[in-house]
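Engineer: prediction below, plus the sequence it came from.
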Amino acid sequence: MTALDAELPAAPDYADAFVAWRVWRVVASREGYRLASVVKSTLWPPGAPLAAECLRSPLGTFFRRRRAKAHAAPDAGCECGIYAGRLAAIGEYLTEPPAAAVTRVLGQVSLWGTVIECERGFRASQAYPARLYVPVEPALAAEHRWDSLLGALEVYGVPVELLEARPSEAIRALRQTHV
């Protein structure tokens, strides 16, 4: 390694954003409807990428009698990062009841920075929604509240589409158009 090599910034994992699939909760906030993580309480800000942080509990490391070193997320030795996966792998997150949420939506998400492939998909250091699908029972699709929800999610500046399918059938409906 030369002195010149030490000054060069690290190359990104990918030259362009990597696109995968994920599910979000839609929650009502003071600012309107917002996307939120299904597992954590993280809100996805409109107009800005979500940056991953390690949310490992310091209490857990206390009981293991060792101090966790701070690290950038995602880290290969941790479970941190922004998760996304293949379309076939996200269905279980749609079938769970939308606790503390208006509904659940799915869509494509752009991942960049450090992207680590894991057992069921990917973990990334930065992410932003690329396209959103709102699954709605076909008989309820014409209800006004769904139009309001679709309009409110446009704050993310990405295409938002009503998907006339029950949440449990959303993956199958999308597979027909997204191989």
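Structural biologist: That came through, no problem. Numbers count the residues shown, from 1 in each chain.
Engineer: name the nearest residue to the residue most central in space within the chain, ignoring sequence neighbours.
Structural biologist: By Cα atoms, centre = their mean, the chain has its centre lying nearest to R22, at 5.0 Å. In this structure, R22 finds its nearest non-sequential neighbour in A84, 4.4 Å apart by Cβ to Cβ, 6 or more residues apart in numbering. All C-beta atoms are positioned from the backbone trio N, CA, C, and that covers glycine.
Engineer: now do the contacts for the one you found.
Structural biologist: Contact analysis of A84 by Cβ atoms under 8 Å, 6 or more residues apart in numbering lists A20, W21, R22, V109, L111, G121, F122, A124, A127.
Engineer: helix or strand: which one has it?
Structural biologist: Using DSSP states H and E, A84 falls within strand 82-84.
Engineer: quick check: next helix or strand after that strand?
Structural biologist: helix 91-95.
Engineer: need the residues that contact the longest helix along the chain.
Structural biologist: Secondary structure of the chain per DSSP state H: the longest helix is helix 144-153. For helix 144-153, the surrounding residues in contact (Cβ under 8 Å, 6+ apart) are 26, 32-33, 35, 102-103, 105, 132, 134, 136, 140, 160-162.
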